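# Predicted model and sequence below, questions to follow.
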Amino acid sequence: MPDITASVGVNGKNTEPDTLTVQTLLNQVPAMQGGAEPVLDLDGWCGNKTTAAIRKFQQRQFNSQDGLVEPGKRTIQKLNALATAPGARPVPAPDMDPKTLALQSAPQVTRWITAALKEVNEVIAGGGALGGRPAYAQAAFAAHFKLTDRFSANYLLKLLATVKNNYEAAQRTVNNGATIYRSVSRKQMSIDMGGQTAPAYVPNRQRICFTPEFHVYLDDYPARPGMDWSGQGWGPMCRAAMVLHETIHYVDPQAQFDIYEHDQVYRTMIAEVAIHDPSSYPSFAAHIEEKSPLPMGPLYGAGRPRD
């Protein structure tokens with residue numbers, strides 16, 4: 001039976017291995033006997049959910065609680081007994097590593113960037129004339145970068161140079177994702193983001209971090225046994241859009257803000273803002289690659305989590 005080397009819970013030592021042991025045991029104990037409900041993230045972080053689950057278990061088993069699991073004492077002994085008894089819940093399979101999942105988006109992101117750069121380069125080669133481009137391309141330039149023939153050719157070329165540079169830098173970043181991407185724990189995410197949560201983020205443009213919230217879309221959420229996913233997840237196109245979005249944060253020093261593709265202000269922002277908005281890049285690229293007849297294109301992202 002697993003034991004712990006130091007205390008876990010309220011005012012405990014809360015080492016990652018010991019916390020992970022307690023979380024696993026709480027997930028294995030049936031909910032009717034005080035097990036975690038919903039089940040806990042197996043992240044080794046003794047946060048509010050874990051301490052609350054410890055208190056709940058102690059109250060159910062002992063009719064008292066202090067929120068602390070100590071080596072060799074009654075709480076860890078009872079957890080072990082119930083976690084191995086008939087009716088115990090199975091240990092959940094580990095999640096796919098968020099970095100690994102992000103790397104799987106590279107082929108789709110590359111297809112998008114390739115299509116986007118081809119279109120941008122053709123406009124640049126044509127001296128900045130948009131009028132001769134296909135209708136879907138003109139719509140994509142207008143929808144996502146706010147670029148139309150109302151701009152002089154010279155000014156439009158200047159704006160397009162930023163777009164081109166960002167896509168090229170994004171492709172280099174995606175090519176080197178194995179060294180630039182990081183998987184981070186929920187605890188590290190909370191530290192880096194001041195208590196906020198996100199599927200991915202870019203701290204100080206030093207790396208691209210993917211969190212436990214960056215995971216596959218789950219049709220059976222929240223009934224899936226084994227993990228508290230903090231959300232239903234994201235489909236493959238949505239994840240690819242997130243990867244490209246975060247990559248623009250990483251490569252463009254002026255892209256340190258977010259105007260999301262489903263926000264109303266996305267439709268009204270000016271070109272000088274749009275060319276630095278991270279959401280503009282996956283939205284434009286998908287619009288072009290799919291040759292979408294829709295005025296705004298498919299708009300993959302958090303607003304379409306299943307896709």
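Now that the structure is in, tell me what you want to look at. Numbering: from 1, shown residues only.
# Spit out the contact partners of Leu244.
With contacts defined as CB atoms under 8 Å, 6 or more residues apart in numbering, Leu244 is in contact with Val109, Trp112, Ile113, Ala170, Val174, Pro278, Tyr281, Pro282, Ala285. For every residue, glycine as well, the C-beta is placed using N, CA and C.
# Try it again at 7 Å.
Contacts were defined as CB atoms under 7 Å, 6 or more residues apart in numbering; by that measure Leu244 touches Val109, Trp112, Ala170, Tyr281, Pro282, Ala285.
# Can I get the residues you listed in CSV including distance to Thr75, secondary structure and pLDDT?
Converted to CSV, the contacts of Leu244 look like this (distance: CB to CB, whole Å; DSSP: H, G, I helix; E, B strand; the rest coil; pLDDT from 0 to 100):
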residue, distance to Thr75, secondary structure, pLDDT
Val109, 47, helix, 98
Trp112, 51, helix, 98
Ala170, 50, helix, 98
Tyr281, 50, helix, 98
Pro282, 48, helix, 98
Ala285, 53, helix, 98
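# top of those by neighbour count?
Pro282 (33 neighbours; other CB atoms under 10 Å).
# what sits against that one?
Under the criterion of CB under 7 Å, 6+ apart, the contact list for Pro282 reads Trp112, Ala241, Leu244, His245, Tyr300, Gly301.
# next one: Glu70
Contacts for Glu70 were tallied using CB under 7 Å, 6+ apart; they are Ser7, Ile76.
# Need the pLDDT of it.
We have a pLDDT of 96 for Glu70.
# ok, now how distant is it from Leu82?
When CB to CB, to the nearest Å is the yardstick, Glu70 and Leu82 sit 17 Å from each other.
# got it, and Arg89?
Distance from Arg89 to Leu82, counting by CB to CB: 10 Å.
# Same check on Pro134?
Pro134 sits 64 Å away from Leu82, taking CB to CB as the criterion.
# before we move on, back to that, more neighbours: which of Arg89 and Leu82?
The residue with more neighbours, out of Arg89 and Leu82, is Leu82; 20 against 17, by other CB under 10 Å.
# Where does that one sit, in terms of helix or strand?
Here Leu82 is covered by helix 74-83, with elements defined by DSSP states H and E.
# Which strands or helices does the helix or strand of the chain at the bottom of the mean pLDDT ranking pack on?
Evaluated with mean pLDDT, DSSP states H and E, the helix-and-strand set of the chain has its lowest mean pLDDT in helix 186-192, which scores a mean of 87. Packed against helix 186-192, as judged by 3 or more CB pairs under 7 Å, 6 or more residues apart in numbering; DSSP states H and E, are no other helices or strands.
# Only C-alpha atoms, please: export it in CSV.
The C-alpha coordinates for helix 186-192 follow below in CSV (Å, rounded to 0.1, in the frame of the first residue of the first chain):
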residue,chain,number,x,y,z
ARG,A,186,-1.8,23.5,-12.8
LYS,A,187,0.2,24.9,-9.9
GLN,A,188,2.8,26.4,-12.2
MET,A,189,0.0,27.9,-14.4
SER,A,190,-1.5,29.5,-11.3
ILE,A,191,1.8,31.0,-10.2
ASP,A,192,2.6,32.3,-13.7
